[in-house]
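> Need a 3D model of the following:
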Amino acid sequence: PADFKSQSHTLSLFAERLLVPTVFLVAGYDRQWYAIASPDPTLDNQKYDNTIATIGVQYSY
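Numbers count the residues shown, from 1 in each chain. Reported below is the predicted structural model:
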């Protein structure tokens, strides 16, 4: 529809640390924001956010 607007933003961070020559400890963080705006009065303007955190061990050969 006309004048319907949506925005999204993402912030991502990633870190890696060598434990031994072929093994890494990894960590990540993502923060996401969404905003929806509509001129239709029956639809609510809405905002959402998500947080995603990851941690793991990576093997490289």
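> Going by C-alpha atoms from here, please, whenever you check contacts or count neighbours.
Noted.
> pLDDT below threshold where in the protein?
Applying pLDDT under 70 to the chain flags residues 1-2.
> which residues in it form strands?
Along the chain, counting by DSSP state E, strands occupy 5-20, 23-37, 46-59.
> Please identify the most buried of these.
strand 23-37 (a mean of 15; mean count of other CA atoms under 10 Å).
> now for it, which elements pack on it?
Strand 23-37 sits against strand 5-20, strand 46-59, with contacts defined as 3 or more CA pairs under 8 Å, 6 or more residues apart in numbering; DSSP states H and E.
> Walk me through which strands it pairs with, and which way each runs.
Next to strand 23-37 in the sheet, as set by DSSP bridges, lie strand 5-20 (antiparallel), strand 46-59 (antiparallel).
> Turn those strands into JSON lines, columns for distance to residue 32.
Output for these, formatted as JSON lines (distance: least, CA to CA, whole Å):
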{"stretch": "strand 5-20", "distance to residue 32": "4"}
{"stretch": "strand 46-59", "distance to residue 32": "5"}
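> excluding its backbone neighbours, what's nearest residue 8?
Closest residue in space to residue 8, ignoring its immediate chain neighbours: residue 34 at 4.4 Å, by CA to CA, 6 or more residues apart in numbering.
> Confirm for me that that neighbour is in contact with residue 48.
Yes - in this structure, residue 34 is within contact of residue 48 by CA atoms under 8 Å, at 5.1 Å.
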